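Undergrad: need a 3D model of the sequence below.
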Amino acid sequence: MTAPGTEPANDTPASTPRMSRRVRHWLAGAGITALAATLGITLAVRGGATPACAAPPSGNTVHKGTASFYDAGRSGGNCSFPGPPADRLYVALGSSQYSGGAACGSYLDVTGPKGTVRVMVMDQCGGCGPTKIDLSTEAFTRIDDRSQGIATVTYRAALNPPLDGGLTFRIKGGASQYWFAVQVGNHGNPLRSVEAKGTSGGFRKAARQTDNYWTIEGGLGPGPYTITVTDVYGQKATATGIRMVTKQVQRSTVSLISPATPSSSPSAPASPSAPPPSPTPTESTTPTTTVEAIAGAAPLPGPRC
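TA: Now for the predicted structure:
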């Protein structure tokens with residue numbers, strides 16, 4: 001078993017990080033000064049640093065920018081998902097909107113010259129500025145011709161996007177009763193917090209990591225666990241019966257998105273995304289769940305810039 005704190009940052013299928021590929025291109029033609037500057041940027045990102053007041057897209061704010069495209073292959077990106085969504089409609093965001101993993105698993109409606117597509121945030125784009133996004137090839141072709149290379153777009157958060165099934169939970173490889181690490185999936189809106197408890201003791205707040213896992217140092221015992229998830233709009237869901245079974249997707253029946261809360265509609269027909277597929281057998285659970293939903297498109301107060 002891997003000792004706590006030494007786990008790999010990402011237990012997704014092996015792939016070359018997007019940012020590393022771009023850094024190698026930059027270094028190839030750089031002088032000593034550019035080399036030092038590039039290394040400084042690389043170390044900051046790998047060390048988990050995020051810009052001040054960084055936040056994922058939320059609420060009804062419309063962002064204007066540009067979009068390029070790429071292919072993540074079988075990788076689940078920096079968000080450490082088991083793989084890309086089944087429809088392969090995903091997006092990578094720049095560091096400020098990726099926000100240290102806070103955007104992972106949320107959805108955007110992106111509108112370009114040819115129409116609108118709904119995409120899941122799955123990755124971080126090392127070369128993207130505050131208004132530049134990187135779509136999957138399949139998503140880009142929904143909004144513009146590939147021959148254009150770059151498209152002028154607007155995009156906004158997909159508030160309460162309809163999803164199949166409830167929240168999913170995936171215990172990280174290397175986790176144990178002495179070190180708790182869980183990934184929450186199929187939540188739709190950006191997450192604000194995750195709290196968990198074992199069979200004894202109260203809830204403890206988990207710390208968000210840049211690889212989209214939530215960790216609790218010292219662990220919560222052998223389980224099973226009760227986990228409460230809260231999104232940026234104040235909607236909460238609690239699931240019980242989550243077991244210490246690593247690298248497997250455990251499915252619950254509870255959702256952050258109340259059936260009574262309507263989903264916002266994009267300005268053009270969007271293609272709904274399916275939840276990320278699991279390449280490993282899923283762990284069957286029958287959790288006892290409770291849901292508290294607070295309607296509204298305004299996210300809870302965040303840092304003041």
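
Undergrad: any low-confidence regions in the stretch 201-305 of the chain?
TA: 258-305 (pLDDT under 70).

Undergrad: again, 50 this time
TA: 260-297, 303-305 (pLDDT under 50).

Undergrad: tell me where it has strands.
TA: With strands called from DSSP state E, counting those that start in this stretch, the stretch 201-305 of the chain shows them at 204-205, 207-208, 214-217, 225-231, 236-242, 249-251, 289-292.

Undergrad: with respect to T116, which of the ones you listed lies nearest?
TA: T116 lies closest to strand 225-231 among the strands of the stretch 201-305 of the chain, at 22.8 Å (Cβ to Cβ). For glycine as for every other residue, the C-beta is placed from the backbone atoms N, C-alpha and C.

Undergrad: mind listing what's buried along that closest one?
TA: 225-231 (16 or more other Cβ atoms under 10 Å).

Undergrad: for the residues you listed, which one is nearest A92?
TA: Distances from A92 to the buried residues of strand 225-231, taken by Cβ to Cβ, are shortest for D231, at 21.2 Å.

Undergrad: beta partners for that closest one?
TA: L191 (DSSP bridges).

Undergrad: just to revisit the earlier point, make JSON lines out of the strands of the stretch 201-305 of the chain and add distance to D145.
TA: Below are the strands of the stretch 201-305 of the chain laid out as JSON lines (distance: least, Cβ to Cβ, whole Å):
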{"stretch": "strand 204-205", "distance to D145": "47"}
{"stretch": "strand 207-208", "distance to D145": "38"}
{"stretch": "strand 214-217", "distance to D145": "40"}
{"stretch": "strand 225-231", "distance to D145": "35"}
{"stretch": "strand 236-242", "distance to D145": "41"}
{"stretch": "strand 249-251", "distance to D145": "36"}
{"stretch": "strand 289-292", "distance to D145": "43"}
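
Undergrad: which one of those lies nearest to T141?
TA: Using Cβ to Cβ, the nearest of the strands of the stretch 201-305 of the chain to T141 is strand 249-251, at 28.9 Å.

Undergrad: distance of the nearest residue to L167 once chain neighbours are set aside from S147?
TA: Spatial nearest neighbour of L167, excluding adjacent residues (Cβ to Cβ, 6 or more residues apart in numbering): S252 at 5.1 Å. Per Cβ to Cβ, to the nearest Å, S252 is found 44 Å from S147.

Undergrad: between the two, which one's more packed in?
TA: S252 (25 against 5; other Cβ atoms under 10 Å).

Undergrad: return the backbone torsion pair for that one.
TA: Here is the backbone geometry of S252 (degrees, to the nearest 10): phi -120, psi 170.

Undergrad: got the residue ranges for the helices in the stretch 151-300 of the chain?
TA: Under the criterion DSSP state H, counting those that start in this stretch, the stretch 151-300 of the chain carries no helices.

Undergrad: meant to ask about the stretch 1-150 of the chain, not that
TA: 18-28, 32-46, 95-98, 137-143.

Undergrad: so for the last one, mean pLDDT?
TA: By that I understand helix 137-143. Helix 137-143 carries an average pLDDT of 98.

Undergrad: what's that helix in contact with?
TA: 67-71, 87-91, 110-117, 119, 135, 146, 151, 153, 271 (Cβ atoms under 8 Å, 6 or more residues apart in numbering).

Undergrad: ok, now with 7 Å
TA: 67, 69, 71, 88-91, 110-117, 119, 146, 151, 153, 271 (Cβ atoms under 7 Å, 6 or more residues apart in numbering).

Undergrad: in strands, which of these fall?
TA: Using DSSP state E, 67, 69, 90-91, 110-112, 115-117, 119, 151, 153 are the members of the contacts of helix 137-143 that sit in strands.

Undergrad: which of those residues sits closest to P161?
TA: Of those, the one sitting nearest to P161 (Cβ to Cβ) turns out to be V119, at 10.5 Å.

Undergrad: okay, and the beta partners of the closest one?
TA: Here V119, judged by DSSP bridges, has bridge partners L108.

Undergrad: show me what contacts it?
TA: V119 touches 89-91, 107-108, 110, 135, 139, 273, counting by Cβ under 7 Å, 6+ apart.

Undergrad: so how far is R88 from it?
TA: From V119 to R88 the distance is 10 Å (Cβ to Cβ).

Undergrad: what of G127?
TA: In terms of Cβ to Cβ, G127 sits 21 Å off from R88.

Undergrad: go on, K64?
TA: 25 Å.

Undergrad: which one's more surrounded, the two?
TA: Remark: of K64 and R88, R88 carries more neighbours, 18 against 9, as counted by other Cβ under 10 Å.

Undergrad: state the distance from the nearest residue in space to that one that is not next to it in sequence to Q97.
TA: Counting by Cβ to Cβ, 6+ apart, R88 lies nearest to E138, which is 4.5 Å off, once chain neighbours are set aside. According to Cβ to Cβ, E138 stands 21 Å off from Q97.
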